[in-house]
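Colleague: the following comprises the amino acid sequence and a computationally predicted model.
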Amino acid sequence: MIKDLNQEGRARLRALITKCDTGRTGKGTPYLSLTLEDKTGQLDAKFWNLTEEQTRQYKAGQVVEASGDIILHRNAVQLRVRHLDVVPDADILEFVREAPADRDTMDRMLSRLLESMNPGVCRDITCDLIDQRRKAFLTWPAATKNHHNYVGGLAWHTLSMAKAADALLPLYPFLDRDLLMAGILLHDLGKTEELSAPMLAEYTSEGNLVGHISMTAGWIDEAAVRTGHAGEEDKEQRMLLKHMVLSHHGKLEFGSPVMPMIPEAEMLSLVDDLDARMFMMKQSMDATAPGHFGPRVFALDNRMIYRPTQFGEQASAAADNGKEKRNDGGTQA
C-alpha cells in the first residue's frame, strides 16, 4: 500500500499511473516523471535512463507493477523505479482513490441536508440543480489536484463543509442557514461540467473557457425560471444566492469576480478553505515519516507540514473515549 511507503528502502507495488510526463536529463537522456496511485494514496516516481521507445510504452490510465527504491527527495517520498511492467486487463477501479463514504451513504446524507432546508427560493433552486446533476455530483472529484481529487471528492468535500457550517451556526445565530446551505451545495456544482470525468479528470473546453463559478451562476437563473422564482418578488434571494457562488473563492486574485459582502458568503468561503486545507495537511502527513517534515506544499503557502510521532493516536483515543462515555450513559463536555 502506498500509504505505508514513508521510509527509505526497497519497494514493490501495483498501482495506477495517473500522470506520465517525459523529461530529459542535462545530457539529453529521456526519463519519466510519474504519479502512481492506489486506494491509499499517491506516490511520486522517477524512471531514469530510458530510450525513446521505452518512454512510449507507458501512459496515464495503465496499471503497472513497479519495483525500485524509496528515497526521500526534498523531504518528499519518491520511488526511484528499477522495473516497470504494465499489467494488462487490470481493473483500474481497484486502484482509484475514493471518498471515505460510499455513494449510497453520501446520497442519503445529501437527501437529509436538502430536506433540512425550509421551503422557499433557496431550497427549490438548489433541489432543482442538484437533481439535474445528482449522479455526477456524487461521483466527480472536487479538483484535479490539491484537494479531494478522487472519485466522490466533490460530494464529500461539500457535505463536510455543510457539517462544519452546522457546527458553527449556533455561535452565529444571525446567519440565514437556508442561504448558507444552498451556497455550500451549489458552490462547486459547476465542477461537474468543468472537469471531464470521475477518474483521471482533465479540464473540459467549457471548464477552461467559462469556469465552474460562472457556469453555476448562470444555472441559478435557469433554475429560477423552472421553479417559478423568476419574478420580482424573489429577485433579492436570487441575487444573494448567485453572490454566494460568485464570491466563494474569497478574493479576486483567487478567481472570484466579487469578494464576500454578506456574512453567509464569508462563512462559505471560510469553511471551503478550511476543509481544503485540512485535506492537504492530512495528505502531506500521511506521506511523511513520523517525526519528520513533509515536502513544501505550494497550495499551503509553500509550507512544510510536520508529522508528529503520535499522529492519529490521540484522535483515535478521543473517539474511543467518547464511545465509552456514550455506552455508559455519560455526557460529553
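Modeller: Received the coordinates, thanks.
Colleague: ok, which stretches of the stretch 201-333 of the chain are strands?
Modeller: Per DSSP state E, counting those that start in this stretch, the stretch 201-333 of the chain carries strands over the ranges 292-297, 303-307.
Colleague: weakest of those in terms of mean pLDDT?
Modeller: Among the strands of the stretch 201-333 of the chain, strand 292-297 has the lowest mean pLDDT, at a mean of 88.
Colleague: what does that strand rub up against?
Modeller: Identification of contacts with strand 292-297 by CB atoms under 8 Å, 6 or more residues apart in numbering yields 74-76, 280, 284-285, 287-288, 302-307. Any C-beta I mention is one placed from the backbone N, CA and C, and that applies to glycine too.
Colleague: out of those residues, which end up buried?
Modeller: The neighbour count (16 or more other CB atoms under 10 Å) marks 75-76, 280, 284-285, 287-288, 304-305, 307 as buried among the contacts of strand 292-297.
Colleague: got JSON lines for those residues, with distance to Gly211 too?
Modeller: Formatted as JSON lines, those follow (distance: CB to CB, whole Å):
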{"residue": "Asn75", "distance to Gly211": "33"}
{"residue": "Ala76", "distance to Gly211": "30"}
{"residue": "Met280", "distance to Gly211": "22"}
{"residue": "Ser284", "distance to Gly211": "27"}
{"residue": "Met285", "distance to Gly211": "31"}
{"residue": "Ala287", "distance to Gly211": "30"}
{"residue": "Thr288", "distance to Gly211": "33"}
{"residue": "Met304", "distance to Gly211": "31"}
{"residue": "Ile305", "distance to Gly211": "29"}
{"residue": "Arg307", "distance to Gly211": "35"}
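Colleague: tell me the two of these that are most distant?
Modeller: Asn75 and Met280 (15.2 Å; CB to CB).
Colleague: picking that back up, so which of the strands of the stretch 201-333 of the chain is nearest Leu209?
Modeller: Closest to Leu209 of those, according to CB to CB: strand 292-297, at 28.9 Å.
Colleague: list the strands paired with the closest one, with their directions.
Modeller: strand 303-307 (antiparallel) (DSSP bridges).
Colleague: chain center to the partner strand: distance?
Modeller: In terms of CA atoms, centre = their mean, to the nearest Å, the centre of strand 303-307 is set 19 Å apart from its chain centre.
Colleague: what residues does that strand touch?
Modeller: Here strand 303-307 makes contact (CB under 8 Å, 6+ apart) with 75, 281, 284-285, 288-297.
Colleague: please pick the buried ones from these.
Modeller: By 16+ other CB under 10 Å, the contacts of strand 303-307 give 75, 281, 284-285, 288-289, 292, 294-295, 297 as buried.
Colleague: nearest to Arg24, of those residues?
Modeller: Distances from Arg24 to those, taken by CB to CB, are shortest for Pro295, at 23.2 Å.
Colleague: spatially nearest residue to the closest one (excluding sequence neighbours)?
Modeller: Closest residue to Pro295 apart from its sequence neighbours, by CB to CB, 6 or more residues apart in numbering: Ala76 at 3.5 Å.
Colleague: just confirm Arg238 contacts Gly231, I think it does.
Modeller: No: between Arg238 and Gly231 there is no contact under CB atoms under 8 Å: 9.6 Å.
Colleague: so between the two, which is more surrounded?
Modeller: Arg238 (19 against 10; other CB atoms under 10 Å).
Colleague: so, low pLDDT: which residues of the chain?
Modeller: By pLDDT under 70, the low-scoring segments of the chain are 313-333.
Colleague: hey, C-alpha coordinates of the stretch of helix or strand Leu138 belongs to in CSV?
Modeller: Per DSSP states H and E, Leu138 falls inside helix 134-139. Extracted in CSV, the C-alpha atoms of helix 134-139 (Å, rounded to 0.1, in the frame of the first residue of the first chain):
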residue,chain,number,x,y,z
ARG,A,134,-27.0,14.3,-8.9
LYS,A,135,-25.1,11.3,-10.3
ALA,A,136,-22.2,13.4,-11.4
PHE,A,137,-22.2,15.3,-8.1
LEU,A,138,-21.8,12.1,-6.2
THR,A,139,-19.0,10.7,-8.3
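Colleague: what packs against the helix or strand following that helix?
Modeller: Following helix 134-139 in sequence order, the next helix or strand is helix 153-168 (DSSP H and E). Using 3 or more CB pairs under 8 Å, 6 or more residues apart in numbering; DSSP states H and E, the elements in contact with helix 153-168 are helix 103-115, helix 134-139, helix 177-186, helix 263-286.
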